[in-house]
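Q: Structure of the sequence below:
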Amino acid sequence: MLSCKSSYEEVRTSNDPEKIKATADKYFDNKDYIKAQSLYELVIPFYRGKEEAEDLFYKYAYTYYNTEQYILAANYFNSFTKTFYNSPKKEELAYMSAYSNYLMSPNSKLDQSPTTRAIEELQTFINTYPNSPRVDQCNALIDEMRKKLENKAYNTAKLYYDLANYQSAVLSFENLIKDFPETNRKEEVRFLTIKSNHELAKNSIYEKKKVRLEDEIEKCNKFMARYPNSENIREVEQILTYCNNEIKRFEQ
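A: Below is the predicted model of the structure:
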């Protein structure tokens with residue numbers, strides 16, 4: 001029984017670069033990106049080094065983006081900027097590479113390695129094209145992702161606190177403020193640092209207790225100076241009183 005090839009299969013197996021390219025372009029224009037991608041993949045080697053190569057590779061990269069294959073899209077967008085160094089499309093695809101990485105950034109509960117990569121690439125774009133009209137959008141995306149990283153850092157530190165792993169909590173809270181100085185959680189984070197440090201000081205061995213009490217006294221005084229109207233001020237004052245009384249024991 002004879003079987004008829006589809007028109008797509010006929011083109012795909014034709015070994016005719018011009019025909020394959022023209023058909024791939026039609027599929028691309030009609031948003032049939034899967035078939036376009038398959039045909040571009042076949043025909044690109046025939047046009048390597050030729051004038052048509054740039055447009056072919058440009059559309060090929062977008063077939064991955066338009067089918068939400070963002071890892072490959074970012075890779076091909078980035079590859080385009082290196083292969084077609086003098087292309088007028090270079091800035092656009094440098095941005096699209098960074099934006100594809102942004103689209104892979106997961107929610108704040110998951111590993112944030114893709115978020116970090118996206119921030120780095122967006123910042124590289126800003127540094128490379130400081131006058132680009134896309135700079136404002138890049139900055140907005142970076143701010144959004146930095147907030148995600150901040151949430152991740154806060155949730156990690158708070159988990160240490162809730163699990164009574166106070167040493168890790170102190171370190172994580174302090175790193176949060178260092179890494180995200182713009183955070184609007186500073187008061188809460190500093191208060192939780194004091195509470196974590198307080199638990200550490202209370203349960204410290206003799207050799208470490210005095211140093212931790214002194215550190216806690218300093219943190220309490222700074223907190224009260226910064227946030228005199230804090231709803232937690234009374235608890236901080238109580239912790240400070242405890243620390244001062246304990247310190248006196250070392251002076252007797």
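Q: Assign a three-state SS to residue 231, would you?
A: coil (DSSP: H, G, I helix; E, B strand; the rest coil).
Q: Make sure residue 212 is actually in contact with residue 200.
A: Yes. Counting by CB atoms under 8 Å, residue 212 sits close enough to residue 200 to count as a contact (5.7 Å). Any C-beta I mention is one placed from the backbone N, CA and C, and that applies to glycine too.
Q: ranges for the helices of this protein?
A: 7-12, 17-29, 33-47, 53-66, 70-83, 90-103, 113-128, 135-162, 166-179, 186-202, 206-226, 233-251 (DSSP state H).
Q: Could you dump those into TSV with mean pLDDT and mean neighbour count added?
A: Shown next, in TSV, are the helices of the chain (pLDDT from 0 to 100; neighbours: other CB atoms under 10 Å):
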stretch	mean pLDDT	mean neighbour count
helix 7-12	90	14
helix 17-29	96	18
helix 33-47	96	18
helix 53-66	98	20
helix 70-83	96	19
helix 90-103	97	22
helix 113-128	95	17
helix 135-162	96	17
helix 166-179	96	18
helix 186-202	95	20
helix 206-226	91	15
helix 233-251	90	14
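Q: for stretch 89-101, the distance to its chain's centre please.
A: Here the centre of stretch 89-101 is set off from its chain's centre by 16 Å, with CA atoms, centre = their mean, to the nearest Å.
Q: Identify all contacting residues around it.
A: 54, 58, 61, 65, 70-71, 73-74, 77-78, 80-81, 84, 87, 114, 117-118, 121-122, 124-125, 128-129, 132, 134, 138, 141 (CB atoms under 8 Å, 6 or more residues apart in numbering).
Q: If we use 6 Å, what do you get?
A: For stretch 89-101, the external contacting residues (CB atoms under 6 Å, 6 or more residues apart in numbering) are 58, 70, 73-74, 77-78, 80-81, 117-118, 121-122, 125, 129, 134.
Q: which among the residues you listed gets closest to residue 33?
A: Set against residue 33, the nearest of those by CB to CB is residue 73 (10.9 Å).
Q: Would you agree the closest one is in contact with residue 64?
A: Yes. Because the distance of 3.9 Å satisfies CB atoms under 6 Å, residue 73 is recorded as touching residue 64.
Q: Between the two, which contacts overlap?
A: Counting by CB under 6 Å, 6+ apart, nothing touches both residue 73 and residue 64.
Q: can you tell me how far the nearest residue to residue 101 once chain neighbours are set aside sits from residue 218?
A: Using CB to CB, 6 or more residues apart in numbering and skipping residues adjacent in sequence, the residue nearest residue 101 is residue 118, 3.8 Å away. In this view, residue 118 and residue 218 are 38 Å apart by CB to CB, to the nearest Å.
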